[in-house]
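S.K.: need a 3D model of the sequence below.
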Amino acid sequence: MYTLYYSPGTCAIATQVILFELGQEVKIVDRAHLSDFSEITPVKAVPVLVDGERTLTEGAAIILYLLAKHQNSLLPTQGFERQEAIQNLMFANATMHPAYSRLFFIAANIDDEVVKQSTLNKAADAISALWDYVENNLQTKMYLGGDSPSAADILLAVYATWGDYFPVDIRIGIRSRQMIESVHAMPSFQRTIEAQRIESEHNED
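M.R.: Here you go, the predicted structure:
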């Protein structure tokens, strides 16, 4: 069994969804309930996955590790289709994720409310432009992965929820919203949200 260190609402959700899609059992541990998370990883970032004696960090690297280890339909095994799927995964992790992260940074570090809102709006516009790119790539297919969800689709569906934390208007196209809603409805996604809810309630008792 894997052990996944997470924080609620983070991209660790995607890692857990993928584990369930791969038919793997996982023990989840909220990093907030550890006395010193730096003992797990000096970077103090989630997700962290423990596989036996191996401790893995960095979300995209963990996902690629899992998809290489277990048979799946989330990542093609060869050819340009595989390269394209990895490219989509890197776009989600290295381009869309940092764009959303700017919202959290701005909210936490700018005190002047007028300047904060203006800066948040500019960050939201940049995110909207990235969703335009996703929308364009979904013109002829339901998911970036084609007829079925890919790891990139799952990551993007998690990031899409982060805009709700801020007073901004992030424009997401119709096909992109359909993709997001479809991923959120996946049994593995629903199972992940429920598992994290139960874990959170258990730790509150």
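
S.K.: so where do the strands sit in this structure?
M.R.: If DSSP state E is used as the criterion, the strands of the chain fall at 2-6, 26-30, 48-51, 54-57.

S.K.: got the angle for the lowest-mean-pLDDT helix or strand in the chain vs strand 26-30?
M.R.: Of all regular secondary-structure elements in the chain, judged by mean pLDDT, DSSP states H and E, the least confident is helix 187-204 with a mean of 87. What separates the directions of helix 187-204 and strand 26-30 is an angle of 50 degrees, with axes from the mean of the first three to the mean of the last three CA atoms, to 10 degrees.

S.K.: quick revisit: got the strands of the chain as a markdown table, with distance to residue 162 and mean pLDDT columns?
M.R.: Where C-beta positions appear, they are placed from N, C-alpha and C, glycine not excepted. Output for the strands of the chain, formatted as a markdown table (distance: least, CB to CB, whole Å; pLDDT from 0 to 100):
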| stretch | distance to residue 162 | mean pLDDT |
| --- | --- | --- |
| strand 2-6 | 15 | 97 |
| strand 26-30 | 18 | 95 |
| strand 48-51 | 20 | 97 |
| strand 54-57 | 21 | 96 |
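
S.K.: of all the ones you listed, which one comes closest to residue 188?
M.R.: Closest approach to residue 188 among the strands of the chain is made by strand 26-30 (11.3 Å; CB to CB).

S.K.: where does pLDDT dip in the chain?
M.R.: In the prediction, the chain carries residues with pLDDT under 70 at positions 202-205.

S.K.: can you give me the distance of residue 108 to residue 170?
M.R.: Distance from residue 108 to residue 170, counting by CB to CB, to the nearest Å: 19 Å.

S.K.: apologies, that question was intended for residue 29.
M.R.: Taking CB to CB as the measure, residue 29 falls 31 Å from residue 170.

S.K.: what does residue 18 give?
M.R.: Taken as CB to CB, the spacing of residue 18 relative to residue 170 amounts to 24 Å.

S.K.: looking at those two, which one has more neighbours?
M.R.: Neighbour totals were compared for residue 18 and residue 170, and residue 18 leads with 25 against 20 (other CB atoms under 10 Å).

S.K.: the more buried one against residue 66, yeah?
M.R.: Yes: shown here, residue 18 and residue 66 form a contact pair, counting by CB atoms under 8 Å, at 6.0 Å.

S.K.: quick revisit: what angle separates the least confident helix or strand of the chain from strand 2-6?
M.R.: For helix 187-204 against strand 2-6, the angle by the same axes, to 10 degrees is 70 degrees.
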